[in-house]
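> using only what follows, build the 3D model:
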Amino acid sequence: MKLKIELDRANFPMILIEPLNAYMHWLPVTKIQIEYFLSSTNDSSFNEDWYKNVLGFNDRVSPGSVTQANYWMALLTGILPRDAKRFAQWAGDGGLDFPSAQEWFATYEWLIGFPDDADHIEQLAADPRLKPRTIQLIRNLEQASKQDSFHLTGGRHLCDQMLMRLGVMEYVYRDDLRNTYGGYGQTNNRFFGSIYEPMVDYPEPIANPRDGAQMKHYGFRLIRRR
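Alright, predicted model coming up:
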């Protein structure tokens with residue numbers, strides 16, 4: 001599959017999802033991206049204490065240290081939807097947002113039609129706009145998550161390269177008004193533990209999380225509607 005790529009402000013790729021005519025993040029938002037935001041924002045509420053609190057749910061790992069045993073630590077979790085939206089405003093100049101449940105699932109169903117392919121990663125790595133650290137993280141997340149593919153029902157597909165399975169639960173809008181949230185995705189059971197049974201084929205929304213509660217296994221990816 002030939003990827004059509006654009007970048008967010010933090011230098012991370014988004015690819016065109018043809019059925020939606022919209023761009024979506026290749027990965028759930030990572031800690032590198034939020035760190036670019038933290039170093040750029042003038043909002044004093046996003047300070048060192050804020051980030052320490054978030055890391056208390058899921059500690060960070062450097063791109064060069066990503067392995068099969070810790071790759072979920074590169075992804076941002078434990079963040080409230082309202083704070084994720086502040087990042088979205090910064091990362092896309094107001095043009096990025098959570099996908100709806102319908103948009104997320106339509107993307108998943110489209111991507112599961114393509115097998116995983118090393119060329120997808122090479123296409124990303126060949127983009128001259130990407131910084132070396134971005135490329136290193138993408139490559140290492142691909143290698144680490146691929147080793148866990150035995151967990152996946154039906155084999156590994158492009159949606160799995162994008163960590164829509166074995167990544168984190170991702171915030172989606174549950175209604176047309178875009179004011180209630182749910183989650184789509186699948187966490188690695190070694191990340192969240194045996195309390196949570198990973199969803200392994202067609203992900204379904206779980207109970208609506210409260211906006212006032214941070215959750216270890218909840219992150220997000222963003223969409224740019226055209």
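
> quick one: the helices in this protein?
For the chain, the helices defined by DSSP state H occupy 31-40, 48-55, 81-91, 101-111, 118-125, 132-146, 158-161, 189-192.

> what does the third one contact?
Translated: helix 81-91. Applying C-beta atoms under 8 Å, 6 or more residues apart in numbering, the external contacts of helix 81-91 come out as 8-10, 29, 33-34, 37, 40-41, 43, 46, 96-98, 171, 181, 211, 220, 222. Every C-beta, even on glycine, is put in place using the N, C-alpha and C of the backbone.

> and the helices of the chain, which is most packed in?
helix 158-161 (a mean of 23; mean count of other C-beta atoms under 10 Å).

> check which helices and strands that one sits against.
Packing contacts for helix 158-161, counted by 3 or more C-beta pairs under 8 Å, 6 or more residues apart in numbering; DSSP states H and E, involve helix 101-111, helix 118-125, helix 132-146.

> if we can go back for a sec, adding mean pLDDT and distance to R226, write the helices of the chain out as TSV.
As requested, these are arranged in TSV below (pLDDT from 0 to 100; distance: least, C-beta to C-beta, whole Å):
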stretch	mean pLDDT	distance to R226
helix 31-40	98	21
helix 48-55	97	31
helix 81-91	96	16
helix 101-111	95	12
helix 118-125	98	20
helix 132-146	97	23
helix 158-161	96	21
helix 189-192	83	33
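
> got a markdown table for the ones you listed, with distance to I15 too?
Shown next, in a markdown table, are the helices of the chain (distance: least, C-beta to C-beta, whole Å):
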| stretch | distance to I15 |
| --- | --- |
| helix 31-40 | 16 |
| helix 48-55 | 26 |
| helix 81-91 | 15 |
| helix 101-111 | 9 |
| helix 118-125 | 9 |
| helix 132-146 | 12 |
| helix 158-161 | 9 |
| helix 189-192 | 24 |
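
> ok so, going back, of all the helices and strands packed on helix 158-161, which lies closest to H157?
Judged by C-beta to C-beta, the one of the helices and strands packed on helix 158-161 that comes nearest to H157 is helix 101-111, at 6.4 Å.

> and of the helices of the chain, who's closest to L152?
Once these are compared by C-beta to C-beta, helix 158-161 is nearest, at 6.1 Å.

> could I get the buried residue list for stretch 53-71?
By neighbour count on 16 or more other C-beta atoms under 10 Å, the buried set for stretch 53-71 is 54, 58, 60-61, 63, 66, 71.

> and it, how far apart are its ends?
20 Å (C-alpha to C-alpha, to the nearest Å).

> what about that stretch, distance to the chain center?
With C-alpha atoms, centre = their mean, to the nearest Å as the basis, stretch 53-71 stands 14 Å off its chain's centre.
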